[in-house]
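1. Got a sequence here, can you build the structure:
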Amino acid sequence: MELFSKIGVIGAGAFGTALAIAIHQQGRNIVLWAHKPAAAMAMKERRENVERLPGAAIPGAIDVTSNQERLSDCDLVLYVGPAQQFAQSFRDWDAILASDTPMVISAKGIDQASGELLTTIAVNHAPNRPVAILSGPSFAKDIAAGLPTALTLACVDGALGEKICLSIGSRTLRPYWSEDIIGTQVGGALKNVIAIACGIVHGKGLGESARTALMTRGLAELARLTAALGGDPKTLMGLSGIGDLSLSCNSLQSRNMSFGNELGQGKTVQDILNSRSAVTEGVMTTKAVHELAQKLGLEMPITAAVYAVVHDNKPLEDTIDLLLARPYKKETQ
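-> Numbering: from 1, shown residues only. Sure, this is the predicted structure:
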């Protein structure tokens, strides 16, 4: 099988930079695209992403650029930008890339404006472009350092999914392919919402038992939404479900858990967001998922509680009391 040789990475944040470094180590020709020319120039000169991934050396052979045309002849591209910017970004890149160039979407979220999965946005705009999803438990600094990391690569075309895995995988970056793009996306998106809730529990000092219970009941919400959208709930027993949920809900390295932790300590939503340069995807995904759940008639109490606190400015203590006052029910419901 002939593998992809020239791979473009769209988005030079921490994760995009880390993926570029890791995939380059397998002998691939990598073009790393940054939205801001000044950022691209700084990384090119210093061979380091000082702002987003300090300490990780960017090999000299990686082409760092802000010129979109430099990716036009790539035979595979990875989108590693914010989920809420994907719709516009995809339209822009679709006009530049060859029509048969596959795009691997590594953003985790549901579009707030439309309530759609990112692959749905892509297919609606360019139905003939192959798309895949890369998701799972991963921190950028681990990938950049060459520490073992396993991910899910979901693609409805199994042969293409296998080819992508073989093209980007290595001894330490280990993708496992799946054909369930729906379950893989729901797992990656909704785990950010549950991570905010677990961060609140941590910040409020409610204990490890409460956080573990919240994470487990959150998994039930992931499964509920996956099934309603036509995905396979069994996918959530893998890396893009319980794997990603576990990492995000158990480490303050997670931007979403740390966001919730600061909420639990009494900071306001706006103050936390104003103090950050990187995107906290779960904030906007919470709104998208809550509205989607209402549209589908799904009961998702943890998502609803996070929405109440983050978007409706409901008092944290009152929201926790409402969760604890919910009626007892069969665990499988």
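2. can you pull the contacts of the closest residue to residue 253 other than its chain neighbours?
-> Excluding the flanking residues, the one nearest residue 253 by Cβ to Cβ, 6 or more residues apart in numbering is residue 139, at 5.5 Å. Using the backbone N, CA and C atoms, a C-beta is placed for each residue, glycine as well. Residue 139 is in contact with 247, 251, 253, counting by Cβ atoms under 8 Å, 6 or more residues apart in numbering.
3. List just the nearest of those residues to residue 272.
-> The closest of these to residue 272 turns out to be residue 253 (Cβ to Cβ; 15.9 Å).
4. Give me the PyMOL select line for the contacts of residue 139, limited to the buried ones.
-> Buried residues among the contacts of residue 139 (16 or more other Cβ atoms under 10 Å), as a PyMOL selection:
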select buried, resi 247
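5. export the contacts of residue 139 to CSV and tack on secondary structure?
-> Formatted as CSV, the contacts of residue 139 follow (DSSP: H, G, I helix; E, B strand; the rest coil):
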residue, secondary structure
247, helix
251, coil
253, coil
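6. Am I right that residue 220 is in a helix?
-> Yes. Assessed with three-state DSSP, residue 220 lies in a helix.
7. how close does residue 89 sit to residue 65?
-> 16 Å (Cβ to Cβ, to the nearest Å).
8. who has more neighbours, those two?
-> Neighbours were tallied for residue 89 and for residue 65 using other Cβ atoms under 10 Å; the higher tally belongs to residue 65 (20 against 17).
9. how about the strands in the stretch 1-150 of the chain?
-> For the stretch 1-150 of the chain, the strands defined by DSSP state E, counting those that start in this stretch cover 6-10, 29-33, 48-49, 53-57, 63-65, 76-79, 103-105, 131-135, 149-154.
10. Quick one: closest of those to residue 196.
-> Judging the strands of the stretch 1-150 of the chain by Cβ to Cβ, what sits closest to residue 196 is strand 131-135, at 17.9 Å.
11. The closest residue to residue 293 other than its chain neighbours - how many residues pack around it?
-> Computed as Cβ to Cβ, 6+ apart, the closest residue to residue 293 that is not its neighbour in sequence is residue 300, at 4.5 Å. Using other Cβ under 10 Å, residue 300 has 23 neighbouring residues.
12. Residue 300 contacts residue 222, doesn't it?
-> No. Assessed by Cβ atoms under 8 Å, residue 300 is found out of contact with residue 222, at 9.4 Å.
13. re earlier: want to throw the contacts of residue 139 into a markdown table with distance to residue 48 and pLDDT?
-> Shown next, in a markdown table, are the contacts of residue 139 (distance: Cβ to Cβ, whole Å; pLDDT from 0 to 100):
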| residue | distance to residue 48 | pLDDT |
| --- | --- | --- |
| 247 | 25 | 98 |
| 251 | 24 | 97 |
| 253 | 20 | 96 |
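14. quick one, what contacts residue 70?
-> Per Cβ under 8 Å, 6+ apart, neighbours of residue 70: 8, 31, 33, 63.
15. And residue 96, by the same measure?
-> 68-69, 71-72.
16. Could I get the full set of helices for the stretch 101-250 of the chain?
-> Per DSSP state H, counting those that start in this stretch, the stretch 101-250 of the chain carries helices over the ranges 118-125, 140-144, 158-168, 181-204, 208-228, 244-249.
17. deepest of the ones you listed, which one?
-> helix 181-204 (a mean of 29; mean count of other Cβ atoms under 10 Å).
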